[in-house]
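Student: Build the 3D model from these lines:
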Amino acid sequence: MNKQLLGFNEFFEQQLEQFETTNKLVGRVMLEHKHSYRVMTEQGELLATVSGNFAYHAFSRKDYPAVGDFVLVEKMQGEERAIIHELFERKSKFTRKMAGLEIDEQIVAANVDLVFLVMSLNADFNVRRLERYLVAAWDSGATPVIVLTKADLCEDVESYVGEVEAIAFGVDVLVVSALSGKGIEHLNNLLIEGKTAALLGSSGAGKSTLTNALLNSEQMKVSHIREDDAKGRHTTTHRELVVLPTGACLIDTPGMRELQLWDQGDSLAASFADIEQLAENCRFRDCTHKNEPHCAVQKAIKQGEIEPARLTSYFKLQRELAYIEKKTNTDAQLAEKRKWKQISKSLKKLK
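Tutor: Residues are numbered from 1 along each chain as shown. You can find the predicted model right below:
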């Protein structure tokens, strides 16, 4: 499989000039499992690990390869194994905060052109969750597309589409059904050779079923949703990149119950453009949109132009991003100290 088909374009070609390429191959990370990687190269798929030098200079999780990354590897003679020596700069990345108490960035998908935000047209439909995904999608550097699945199970598709369009400004909304095939051709038209897309959404949204429909196979395992609350089981347990018949690459990801944002303050304005534009008409420049007189945002809510729940969501995401920013600034300073301490120890050993 040639690297251009995998999405290796001029952006990455320019970086290749700065690397030592003797006896090395360009590869793309197809699957990540702990600290092992499945890497596709022009000589086939290889099982790879990072070199000791690579690990020594990696100070956080984002410094390691993720699914969708391009890497430079050295194939081990006579084996289907390789060592990763270099990680190419990413042209885009969809990230989130690590699950749990740990304050670190997790790269969900790297070097994607399209981010398909998948949500099903059943009881699990939630525009507040979609707002959160849109903030992260706008920050990724890729183009977001909203994909509403399971249209065959919904009796009032238009009302759901209307709810989504009210909060997703400038984003295409596609309605699909993997069962009937509705909308699949439209998706295939977007997934052209050399392009990469990532499927993101909660468990049970139909991502794996959609992947199978695009692959024309049953490669991805699927599970039925629970009947009592329409929520899905975690079918996909790892991120994986597959090559579609159209020549495009598709990254399927495990379902996320809740996407915790990571340092995406600039994208909050893009996702809540309606509130940001109204805020420009508030009497006070530092209006908090709560109790101040002549607040244009509160006026719009009273007139029914904006749902109160949307403003509540805006406030919640603001607080979350402010907390992450504060914590990352502190952690970055500590990481920098640890890095120089490590370098200092290494220099002393050389003396």
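
Student: pLDDT weak spots in the stretch 51-200 of the chain?
Tutor: Residues of the stretch 51-200 of the chain meeting the criterion pLDDT under 70: 96-105.

Student: those strands in it, which residues are they?
Tutor: With DSSP state E, counting those that start in this stretch applied, the stretch 51-200 of the chain shows strands at 70-75, 81-87, 93-97, 105-110, 114-120, 143-149, 172-175, 196-201, listed in chain order.

Student: what's the most buried one of the ones you listed?
Tutor: strand 196-201 (a mean of 27; mean count of other Cβ atoms under 10 Å). All C-beta spots, glycine's among them, are computed from the backbone N, C-alpha and C.

Student: I'd like the distance from residue 307 to residue 134, if you could.
Tutor: Computed with Cβ to Cβ, to the nearest Å, the distance linking residue 307 and residue 134 is 16 Å.

Student: nearest to residue 128, of the strands of the stretch 51-200 of the chain?
Tutor: strand 114-120 (11.3 Å; Cβ to Cβ).

Student: Counting by contacts, list what that closest one packs against.
Tutor: helix 127-139, strand 143-149, strand 196-201 (3 or more Cβ pairs under 8 Å, 6 or more residues apart in numbering; DSSP states H and E).

Student: Could I get the CA-only coordinates of that strand as PDB?
Tutor: These are the backbone C-alpha positions of strand 114-120, laid out as PDB (Å, rounded to 0.1, in the frame of the first residue of the first chain):
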ATOM      1  CA  LEU A 114     -13.100  15.100   8.600                       C
ATOM      2  CA  VAL A 115     -14.500  14.500  12.000                       C
ATOM      3  CA  PHE A 116     -17.900  12.600  11.800                       C
ATOM      4  CA  LEU A 117     -19.800  13.400  15.000                       C
ATOM      5  CA  VAL A 118     -22.100  10.400  15.200                       C
ATOM      6  CA  MET A 119     -25.400  10.500  17.200                       C
ATOM      7  CA  SER A 120     -28.400   8.200  17.000                       C
END
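
Student: got the angle for that strand vs helix 127-139?
Tutor: 170 degrees (axes from the mean of the first three to the mean of the last three Cα atoms, to 10 degrees).
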